[in-house]
Structure formats: C-alpha cells, structure tokens
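Trainee: 3D model of this:
(2 chains)
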Amino acid sequence: MSRVSSPGASLFSWFLLAPGMLFLAAFLVVPAILLVVLSLHDVDGMLMVLPGYSIAQYLAVFTSSVYAHALGTTLWVAALTATLCVLLAYPAAWLLVNTRSRSWRTVLYVILISPLLTSVVIRTFAWIVLLAQNGLINDVLRHLGLIDAPLALLWNMKAVVVAYVQVMLPFAVLPLATSLGEIPAALPRASQSLGADARHTFLHVVLPLSIPGMMTGAIIVFALAAGSYVTPLLIGGRLQPLLPIAIYQQALQIANLPLAAALSLSLLAVTATIAGLMTYVQKRWERRVYGH
Amino acid sequence: MIAIESVAHRFGTLLALDGVDLHIAEGEFFSLLGPSGCGKTTLLNIIAGFLAPSAGRVVLGGRDITSLPPHQRDIGMVFQNYALFPHLNVFDNVAYGLRVRKTKGAEVRQRVAEMLELVQLAELAQRMPHQLSGGQQQRVAIARALAIRPQVLLLDEPLSNLDAKLRKQMQTELRRLLGNVGVTTVMVTHDQEEALGLSDRIGILGAGRLQQVGTPLELYRRPRNRFVGEFVGHGNLIDSRAGEAGVFLANRHFAAPGVPLQLASAYTGTADALFLLRPERIRLSPLTAVATPFAAASNSVTGSVRDASYIGAGLHLTMVLAGGGELLVEAPEASFVTVPQAGTALHLAWDAEDLIRLPVVSGEERS
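Mentor: Have a look, this model is predicted:
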C-alpha cells in the first residue's frame, strides 16, 4: 500500500523525514563511524592513540579469556533476563488484553508505562535502597528477628537480573499484549467448540499465536540487557564480569579508547547477530502462518 | 434433538431474547432468520455455550446442557469468518478436535481423509489456511466441525463472506454435504434466500421473539403476522375497512371507494383487516383488451406504471393506483414485448386466495 505516489508528494515526504534523518546521522551514524575508525588503532604505553591502522584491539578482545568470559556472562544474563521478562509479562499482557472496561485498561496501561517515565538510574537506586546492608529488606528481616547479620543482597548477579527484569518488563509486556490482542476471539471459541478445555486451548491456540509477540519482547529485552551498564554497575558492582562494565572501565577509567571501541563493536556485532537470528525465526514463522 | 425452553437473555437493560421456545428434530436443517439485532446470534451463542441465558434451559438429546461449558457440549460450529487456526495446516485443523479427544493416530488420519474427501479438498491437506480461497476455507471449517461427529452442527452466517456467485454454489454444496451426513443443523442467517433454499424449517426471529416457525413454504404463503409477511419476500400491505356489504379496500388506495374486495371464503370476518399481496401474484394486462381474461372472482383494478425495472428474469414494476396508492408487481419476463413506459395504464388483477390476511395488531408489536 503506497499512498505517496506522485513525485511531488514523495519529495515532500523526504522533506518531512529530513530533520529526523539529519539528527540520526549527526548523533548515531557519525559517532558509530568514528567508533569503528577508533577501534582500528593501536595505543602506546601511555595509552595514546597511535597513527596507522591496526587490528591489535580486536586481537586483544578475542584472545583474552577475560573478555570471552565477560561476553559469555553478558549474553547469558541477557538471555536469562529476556526469558524471565517474557514469562512474567504473559499474565500481565493477558490481563491487559482481557480487561473489558476501557477505563480499567487505560489504568493498567498507565501503571505499566509509568516506570518508564523515571530514569533508569533512579529506578536502580530504588533497588539499592531495598537491597543494601542497611536497606529496607535487611532492616525488616532484622526487626522481625529472622536474621542476626544483614544479608548480602547487593553486589551479585542475581540482584542484577532482578533489577533488569523490573526495569525491562514493560518492553516485554507491550508487544505481547499487541500479539494477544490480534488473536480473533473466534479462534479460542472454535477450539472450545471442538472439545478443548481452557488449558488445551491456551497451549495449542493462544500460545503458538502469541509467538511473534514473545519474540519481539525477548529481542528488545535481550538487546537492552546486553548493552546496559548503569544497572549492573550500581547493583552488581564494578567487579561483575559483564562486557558493558568492561567497556565503561576501559573508556572512562583506564581511558584506552581504541580497546573500548573494539569491545563495544564486538558486543554490538554479537548482539545484533543474535537479535537478527531471532527476528529471522520470527519472520519465518509469520510467513508460514500469515503468508507475509 | 434440541429443545430451547423459555430462553431469555438480557444485555444490561436490553432484552435480546424474550422467552424463546423451540424444538428442533433429529436430522433437521433448521434456520434462525431475522434482521440484525433480532437476537439470532445471541441464541446461537447460548446453544453453543458461549453465553449463559438469563433464564430458560437448553436441552440436547434429553440432557440439560444449560450450564455445561462449550467444550463438553458435543456441538460442532462453523464460524462466520471460519476461524481456522492459522498456524495449523488443513490436515491439522481438521484433526484438532480428534486429537483433543486423544484419538489414535491411524484413526485420526483415516477420519481426516474421510472428511477432506467429503468436502473435496483431499489434495489440499498440507496447505496453510492463508493459502486457501474463501470457499475452500469454509469447506475446511465444515470438515473440522463434522470430524468430531457432533450431535448438532451450528452454522453462523456461513455464506455471508463469499461473493454472490460462490454463495449460490456453496449453498448447493452445503445442501449436498449436510444431506449426506444427516447431522442436525442450526443455521443463523439474515439472508432469506439462503434460509429458504437450505432449511427444512425456519424460525423467524424479530425483536427477541420467535415470530413464526414453519417450512419455507408455510412462511411465505401463510405468514402469521406483519413482521413475517414483510420480512420474508416482498409484499404489498393493503388496509381494508369493514363495510355493510363486506370488506372493502381502504380508500387511500383507490379513487372510487367501495370497490369490494374479493376474499377467499376462509376470511369471513367483517372487522378491519390488513392484507398481504405478493407482487408476483398480481397479473397485468393492457387496458385495450376488450374483456379481462381473468375469472370473475378475481380482484381487478387499474393503475399506471410509475417505475419499471428490467432484471432479466422478469420485470419489477411500481404501479400507482387511481387513488395514489402503490402496488409492487413482479411480472414474468415474457409478459411484455417491451418494457412499459412510465405512465402506461394497465389492468391489475389477482385471485381472492392471494390476499393473505394479517392481524391488524400484529404479534411483534408490543407497547
């Protein structure tokens, strides 16, 4: 369906796109190119960038077991977060879609979206308030006499995953709700009329038809979790073997900018490949089911 | 087979169904016909179990199923948009209900093959629904519903999504198919041609009530009230006034008051009445004919053509009578050499038996 047909109209639509495109070019494309160029330089002993191109940084990235371990951990944590988010998103999305009353649905959407209006840093600090040695949870447990010494709730990967899930859950709920909402009401009814109870109908009709929504949510959460450094830094601490933390340290603490650039691009490449594969699987499924 | 007993349903303050009683016999093809909003879909959903009636019972084969969930009812349903599972191919769609019942693999294959043979889609078993035409999707939906050998098959506006030509074809197909299977069928439709052509009996629903139940012929020839008379087929409604010498057509239709109305002997009442006259029952003849060729018992008036439209199989005419009243006339194609011009004066005649008397305060009117 192309509504813009005449040459004048198409020129006009480019004109409308121009400001956004220029903004993206200046603040995304150009920095990305600079990053690529930067990553192809070596540094001297004082971490000064040397002239002349070199793949030394990439060699360092791919030969170091530290970075390989960090990459593995990053992908594992991102995958775990994505899985947990999709699982937890399902009941919420179900509730959103099956709420008949318009005003109640609006209320639920506002509740869902409202955390996104606060900055990630603030939301992460809230977790620190809860989980710290003298935080809310330890205080309550101590007052109840359940523990003598405070529990170490912060500075570990479990806490990071918990915080990730909380921060990123809305991104899994929204596409899933869209997907569930697009299932025609007649399909579950057809299943019931053929003798299937609610459980069978869910497993054989609703669940498979919500795969696109689950995949979209999982891809978004996976990409966000794999690239996030504020939350793991504040909650997990700088010792966690996560690639974004390593990049942060190389860039801002050690100031080895070419190595930081090479690490960033490696992480980007791996994440994009995985997200691309997931998208491919999703598109294939959609083509099989809907023919487009 | 199915008994609907005093079923009522209320949506908020709206009474969608108001005490419906209905018995459908084993093997019967029964249609619920009515305009949109008459409650027919509500009634179908109550039979299927998607809706619990506010009052009344649904009995299937002697068993009260009013409070049974849909999946325990043993009722097959073909949905308006077919509702094929888009992620399953034709075979798996038809096999769905059998697999729910934990039927053995070999039996599933045999039964699905049988069903696809019945709807003549055996070669498309591996296709996905989106690769099928509307007519093919519909046949898959029927095969899927019949595969579980339901006690009753429900059809929800089964032909409404097909184009006109395909609809005719599917109607014939549907009759052949369900005739072979012999399953008790309840169809909901707003299309009277569909209902008349397919059904053993039809229930006309209007304003949440069953206005009349009968065979297609009974409904057309002997509508019980004005609603049925006007809804099924076309009709001219004619008021009459009782006079000393009998019943007369009301003055607004005729210039000369007192043209006596010849009625079949069954209608002997002298009260004011409303009559229904089917347009195809009116015969037309040119004024120039010396003597009217019609029997003495016929009613005969003159009128002039206001509008004539030629539809191939016949002519649809609007005739204006001397008093300004209008009568719709459907004449056979062969009855005119050329399409009559507007203003042409013609004789209109019909037999006494063609006037169908309707109660003046008809059943569907409630204050």
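Trainee: Would you mind naming what in the stretch 51-200 of chain A lies close to chain B?
Mentor: Within reach of chain B by Cβ under 8 Å from any Cβ of the partner chain, the stretch 51-200 of chain A has these residues: A:184, A:186-187, A:189-197, A:200. Placement of C-beta: from N, CA and C, glycine included.
Trainee: So among those residues, which ones count as buried?
Mentor: Neighbour counting with 16 or more other Cβ atoms under 10 Å in any protein chain shown marks A:Ala186, A:Leu187, A:Arg189, A:Ala190, A:Ser191, A:Gln192, A:Ser193, A:Leu194, A:Gly195, A:Ala196, A:His200 as buried within those.
Trainee: Inside helices: which ones of those residues?
Mentor: Under the assignment DSSP state H, those contribute A:Ala186, A:Leu187, A:Arg189, A:Ala190, A:Ser191, A:Gln192, A:Ser193, A:His200 to helices.
Trainee: Surely A:Thr231 is in contact with A:Val165?
Mentor: No: assessed by Cβ atoms under 8 Å, A:Thr231 is found out of contact with A:Val165, at 10.5 Å.
Trainee: Of these two, give the one with the bigger neighbour count.
Mentor: A:Thr231 (25 against 21; other Cβ atoms under 10 Å in any protein chain shown).
Trainee: which stretches of the chain have low pLDDT?
Mentor: Went with chain A since none was named. Within chain A, the segments meeting pLDDT under 70 span A:1-7.
Trainee: if you could check chain B rather than the one you did, that'd help
Mentor: In the predicted model of chain B, residues B:240-272, B:288-298, B:323, B:360-367 satisfy pLDDT under 70.
Trainee: need the residues of it near chain A, please.
Mentor: So far as Cβ under 8 Å from any Cβ goes, chain B lies against chain A at B:48-50, B:69-77, B:79-81, B:83-87, B:96-97, B:100-101, B:128, B:130-131, B:144-145, B:148, B:154.
Trainee: Selecting buried members of the residues you listed in ChimeraX, what would you type?
Mentor: In ChimeraX, a selection of the buried entries from the residues of chain B next to chain A looks like this (16+ other Cβ under 10 Å):
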select /B:48,49,50,70,71,73,74,75,76,77,79,80,81,83,84,85,86,87,96,97,100,128,144,145,148,154
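Trainee: Could I get the full set of helices for chain B?
Mentor: Using DSSP H, helices in chain B cover B:40-48, B:90-100, B:105-118, B:134-147, B:164-181, B:192-198, B:216-221, B:226-231.
Trainee: Count residues in the vicinity of B:Gly343, would you?
Mentor: 9.
Trainee: separation between the closest residue in space to it that isn't next to it in sequence and B:Ala322?
Mentor: Closest residue to B:Gly343 apart from its sequence neighbours, by Cβ to Cβ, 6 or more residues apart in numbering or on different chains: B:Ser304 at 5.7 Å. Going from B:Ser304 to B:Ala322 by Cβ to Cβ, to the nearest Å gives 9 Å.
Trainee: just the ones in helices among the buried ones among the residues of the stretch 51-200 of chain A next to chain B now: which is nearest B:Ser285?
Mentor: Each of these was scored against B:Ser285 by Cβ to Cβ, and A:Ala186 proved nearest at 54.0 Å.
Trainee: residue contacts, the closest one?
Mentor: Taking Cβ atoms under 8 Å, 6 or more residues apart in numbering or on different chains, we find A:Ala186 in contact with B:Phe79, B:Gln80, B:Asn81, B:Ala83.
Trainee: what's the distance between the second one and B:Gln138?
Mentor: Meaning B:Gln80. Distance of B:Gln80 to B:Gln138, computed by Cβ to Cβ: 10 Å.
Trainee: Next, show the common contact partners of those two.
Mentor: Common neighbours of B:Gln80 and B:Gln138 (criterion: Cβ under 8 Å, 6+ apart): B:Pro158, B:Asn161.
Trainee: Determine the number of other residues adjacent to A:Leu71.
Mentor: 22.
Trainee: Settle this for me: it is touching A:Val270, isn't it.
Mentor: Yes: using Cβ under 8 Å, A:Leu71 makes contact with A:Val270 at a distance of 6.6 Å.
Trainee: can you map out the helices along the stretch 51-200 of chain A?
Mentor: With DSSP state H, counting those that start in this stretch as the criterion, the stretch 51-200 of chain A has helices at A:56-63, A:65-98, A:102-113, A:120-131, A:136-143, A:157-181, A:186-193, A:198-201.
Trainee: What helices and strands are in contact with the last one?
Mentor: When contacts are defined as 3 or more Cβ pairs under 8 Å, 6 or more residues apart in numbering or on different chains; DSSP states H and E, helix A:198-201 packs onto helix A:186-193.
Trainee: how does it look with 10 Å?
Mentor: helix A:186-193, helix B:90-100 (3 or more Cβ pairs under 10 Å, 6 or more residues apart in numbering or on different chains; DSSP states H and E).
Trainee: possible to save those as JSON lines with distance to B:Asn161?
Mentor: Formatted as JSON lines, the helices and strands packed on helix A:198-201 follow (distance: least, Cβ to Cβ, whole Å):
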{"stretch": "helix A:186-193", "distance to B:Asn161": "12"}
{"stretch": "helix B:90-100", "distance to B:Asn161": "17"}
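Trainee: And these: which comes nearest B:Tyr220?
Mentor: Closest approach to B:Tyr220 among those (Cβ to Cβ): helix A:186-193, 32.6 Å.
Trainee: Please put the alpha-carbon coordinates of that closest one into CSV.
Mentor: The C-alpha trace of helix A:186-193 is given here as CSV (Å, rounded to 0.1, in the frame of the first residue of the first chain):
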residue,chain,number,x,y,z
ALA,A,186,-13.4,-16.8,17.3
LEU,A,187,-10.2,-18.9,17.5
PRO,A,188,-10.4,-19.8,21.2
ARG,A,189,-14.1,-20.4,20.7
ALA,A,190,-13.5,-22.7,17.8
SER,A,191,-11.1,-24.6,19.9
GLN,A,192,-13.6,-24.9,22.7
SER,A,193,-16.4,-26.0,20.3
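Trainee: Might you calculate how far that helix sits from the centre of the chain?
Mentor: With Cα atoms, centre = their mean, to the nearest Å as the basis, helix A:186-193 stands 35 Å off its chain's centre.
Trainee: the inter-axis angle of it versus helix B:134-147?
Mentor: Relative orientation of helix A:186-193 versus helix B:134-147 (axes from the mean of the first three to the mean of the last three Cα atoms, to 10 degrees): 30 degrees.
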